[in-house]
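Peer 1: Got a predicted structure plus its sequence, pasted below:
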Amino acid sequence: MNTKPIDLRELSKEEVSALVAELGEKPYRAKQVWEWLWKKHASAIGDMSDLPKSFRAALAERSVLRPLTVAEEQNSTDGTVKCAFRTWDGHVVEGVLIPTQSRITACVSCQVGCSLNCAFCATGQLRRIRNLTAGEIVDQVVNIARMAEERLQRPLTNIVYMGMGEPLLNYANVMGSIAHICAPDGMDMSPRRITVSTAGIAKMIRKLGDDGAKFNLALSLHAPTDAKRGTMMPINDSNNIEELIGALQHYTRLTGKPVTFEYILFRDLNDSLEDARDLARICARLHAKVNLIEYNPTGDGRFQRTPAERADAFRSFLEGKGITARIRRSRGRDIDAACGQLANKNEPALAAGERLLKPAGQKP
Ligand code: SAH
């Protein structure tokens, strides 16, 4: 009898209006429903208290709301809080509240698991199960913002799409979530406070340019040559550095925005001054900045963190070439909430033989 229920938050404004009309309600009710969804973040249709009971009942018969629920919370000694969120269909994704003196940042996931298998990343050991919806991404932001208000009495200032998953492989929902976060009748935040981090999908970076994206873009480069990058990031086989540079130039030309490269320093792998020189050459072509990231160990011991003096020398070399470079210290490491450490233990991991890694130096 009943067909698949409509997830209310998967509807466009026009579709909400059409549904409201179909249920025989006045047009202004559509605006009310919309605000309950995207401004007041109702977790159930029954909570939409200024709608007539009969309308709520009719709405609930036709449609559902599927908010994330908080499954678990872990507090780091540095103030970072990691939240495990459960989806309506039983998966778990993680989001992180990162307070510093000047900012309150929410780090959010965009997929359950990840398909990219980056060798150094804990999420890369999982399978990709499914994309999160725009609503599920917004839920993480809303929950983390509420947590910041309640516990720290401070508003959320920044959002980074640096949790589990690859944002540009869930393009529509990531863009949808950002639209809701920035909409005046949504969370009304500035896109300048949002950063999307990608492992580098050239075609979609071009699309960001074509679509006039207003948020910040960061690209996980991690190595300045294909030979090195290919051993850590299988995605480099189909999206090599030169293709990424071309796509980023297109993006920068159309948006007027520079990009930031993320570069994890791995001891004896990508941390020599020769690597810094190669990286500087790439940055110069794009006027890009660099965030040097401390490696957070994720398990098998294949990678090690670069000693601090070496990291400083790397940074100084870049600065000497006129490139802005900062060393980003990781937060929440004690609770596995730092970059690359998000991995829900309940989701199936790839078996060892399934790892898509190639031995060092092997061509695709
Ligand atoms: N898929 C996206 C966003 C998620 S990761 C991307 O690849 O950019 C966010 C950042 O953390 C990326 O730069 C990623 O490469 C980095 N990261 C992954 N594993 C890490 C680790 N073990 N230590 C430090 N940073 C890591």
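Peer 2: Done, it's in. It should be emphasised that the depicted structure is a prediction, and the values quoted were computed from it without experimental measurement.

Peer 1: residues from this protein in reach of the ligand?
Peer 2: By the rule CB under 6 Å from any ligand atom, the part of the chain lying against the ligand is 120-121, 162, 166, 197-199, 220, 262, 264, 293, 295-296, 298, 339-340. All C-beta spots, glycine's among them, are computed from the backbone N, C-alpha and C.

Peer 1: Filter those residues down to just the ones in strands.
Peer 2: Among these, the members found in strands (DSSP state E) are 197, 198, 220, 262, 264, 293.

Peer 1: which of those residues lies closest to residue 14?
Peer 2: residue 198 (30.0 Å; CB to CB).

Peer 1: for this protein, what spans make up the strands?
Peer 2: Under DSSP E, the chain gives strands at 6-7, 63-64, 69-75, 81-86, 92-99, 104-107, 111-112, 130-131, 158-161, 194-198, 216-220, 260-265, 289-294, 325-328.

Peer 1: Adding mean neighbour count and mean pLDDT, write the ones you listed out as JSON lines.
Peer 2: Output for the strands of the chain, formatted as JSON lines (neighbours: other CB atoms under 10 Å; pLDDT from 0 to 100):
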{"stretch": "strand 6-7", "mean neighbour count": "15", "mean pLDDT": "94"}
{"stretch": "strand 63-64", "mean neighbour count": "18", "mean pLDDT": "96"}
{"stretch": "strand 69-75", "mean neighbour count": "14", "mean pLDDT": "94"}
{"stretch": "strand 81-86", "mean neighbour count": "21", "mean pLDDT": "96"}
{"stretch": "strand 92-99", "mean neighbour count": "25", "mean pLDDT": "96"}
{"stretch": "strand 104-107", "mean neighbour count": "24", "mean pLDDT": "97"}
{"stretch": "strand 111-112", "mean neighbour count": "25", "mean pLDDT": "96"}
{"stretch": "strand 130-131", "mean neighbour count": "16", "mean pLDDT": "98"}
{"stretch": "strand 158-161", "mean neighbour count": "22", "mean pLDDT": "98"}
{"stretch": "strand 194-198", "mean neighbour count": "22", "mean pLDDT": "98"}
{"stretch": "strand 216-220", "mean neighbour count": "22", "mean pLDDT": "98"}
{"stretch": "strand 260-265", "mean neighbour count": "23", "mean pLDDT": "98"}
{"stretch": "strand 289-294", "mean neighbour count": "20", "mean pLDDT": "97"}
{"stretch": "strand 325-328", "mean neighbour count": "16", "mean pLDDT": "94"}
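
Peer 1: Dump those into a markdown table; add distance to residue 305 as well.
Peer 2: Formatted as a markdown table, these follow (distance: least, CB to CB, whole Å):
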| stretch | distance to residue 305 |
| --- | --- |
| strand 6-7 | 43 |
| strand 63-64 | 46 |
| strand 69-75 | 22 |
| strand 81-86 | 21 |
| strand 92-99 | 20 |
| strand 104-107 | 20 |
| strand 111-112 | 27 |
| strand 130-131 | 32 |
| strand 158-161 | 21 |
| strand 194-198 | 20 |
| strand 216-220 | 17 |
| strand 260-265 | 7 |
| strand 289-294 | 6 |
| strand 325-328 | 12 |
